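> Just the structure for this:
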Amino acid sequence: MKKLLFLFDTDQTPSVFDTVVGYDGGADHVTGYANVTPDNVGALVDGTIFTRGGKDKQNTAIFVGGGNMAKGEELYEKVKKSFFGPFRVSVMLDSNGSNTTAAAGVALLAKGRSLKGKKALVLAGTGPVGMRAAGFLGMEGADVTITSRTKDRAEAAAKVIEKRFGIKVEGAAGATDEERAEAAKDANVIFAAGAIGIQLLPESAWKDNSNVELLADVNAQPPLGVEGIKATDKGAEYGDKIAFGALGIGGLKLKLHRACIAKMFESAEAAFDAEEIYALAKEMA
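Prediction:
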């Protein structure tokens, strides 16, 4: 019985990255579908749940991806609502790699230490990785603030995070180096989640800041999001501070992604969204 993984992608083309990791995670065959929406996914789900019976169903799984987390969440919920009784297969949501990337980064920050009560700042926190990272930091008990180009946009994203994770999040303006440095003054934990090649925090804003204890940056393309650390950092020490760069985080992210794929084939009832993926990330970290 072959292990079949079906990629339901909200973008115009199925993700090559997700296809490769699907095979590396143990799938025997990966099939990608593009432009999948809640309106057209029904027939695709039917094809996964009505073709195999009993324990054979665990050899079929669904991966919901694409570049837009909001669309991915909507599609993921529609897929789950299409299941009934024994007619279900395992499913995972990881639009834009945001669940696995954010989970890996925060799990490494939390490894061996408590983040409860720490002041955490997520730079560029309105993107999919930033919003998930804010959620995970809040789950750890941190007091979370996210930045965006405008305070209104940051506060709007904070409300979405609060609704999704049941935590309190503050929003702050972060359009300039000065605004982001100001937001970082009291931060104990800094998580940079910006687009590739954009510096979000100059070295002067954190290196001599006695409040800062931990830093993470998911940008691997120079200039990095946090000036002064390296993409390869994985628990690197900068004085009394510990840093994790994009490649240091990426190693765990890929292992986590593969592990989730493998676990989907262990039963027909697994559902991997933020909380499930983060729990596994903490075990693996």
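> Just the CA atoms of the strand or helix carrying residue 159, as CSV, please.
In the assignment (DSSP states H and E), residue 159 maps to helix 151-165. The C-alpha coordinates for helix 151-165 follow below in CSV (Å, rounded to 0.1, in the frame of the first residue of the first chain):
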residue,chain,number,x,y,z
LYS,A,151,0.6,50.9,14.5
ASP,A,152,-2.9,50.4,13.1
ARG,A,153,-1.8,47.5,11.0
ALA,A,154,0.1,46.0,14.0
GLU,A,155,-2.9,46.3,16.2
ALA,A,156,-5.2,44.7,13.7
ALA,A,157,-2.9,41.7,13.4
ALA,A,158,-2.6,41.6,17.2
LYS,A,159,-6.4,41.1,17.4
VAL,A,160,-6.2,38.2,14.9
ILE,A,161,-3.5,36.6,17.0
GLU,A,162,-5.5,37.1,20.2
LYS,A,163,-8.6,35.5,18.6
ARG,A,164,-6.6,32.5,17.3
PHE,A,165,-4.4,31.8,20.3
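> Which secondary structure elements does that helix sit against?
The contact analysis (3 or more CB pairs under 8 Å, 6 or more residues apart in numbering; DSSP states H and E) places helix 151-165 against helix 128-139, strand 143-148, strand 169-173. The C-beta positions use only the backbone N, C-alpha and C, and glycine is treated the same way.
> What is the longest one packed up against?
Pointing back at helix 128-139 there. Right, helix 128-139 is packed against helix 69-81, helix 98-110, strand 119-123, strand 143-148, helix 151-165, strand 189-192, helix 274-284 by 3+ CB pairs under 8 Å, 6+ apart.
> is it possible to export these to TSV including distance to residue 10?
Below are the helices and strands packed on helix 128-139 laid out as TSV (distance: least, CB to CB, whole Å):
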stretch	distance to residue 10
helix 69-81	4
helix 98-110	13
strand 119-123	24
strand 143-148	23
helix 151-165	18
strand 189-192	25
helix 274-284	17
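> Dump the helices and strands packed on helix 151-165 into JSON lines; add mean neighbour count and distance to residue 49 as well.
Shown next, in JSON lines, are the helices and strands packed on helix 151-165 (neighbours: other CB atoms under 10 Å; distance: least, CB to CB, whole Å):
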{"stretch": "helix 128-139", "mean neighbour count": "27", "distance to residue 49": "28"}
{"stretch": "strand 143-148", "mean neighbour count": "27", "distance to residue 49": "38"}
{"stretch": "strand 169-173", "mean neighbour count": "21", "distance to residue 49": "37"}
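> Kindly state the beta-bridge partners for the closest residue to residue 125 other than its chain neighbours.
Leaving aside its sequence neighbours, residue 125 sits nearest to residue 146 (CB to CB, 6 or more residues apart in numbering; 2.7 Å). Beta-bridge pairing for residue 146 (DSSP bridges): residue 122, residue 171.
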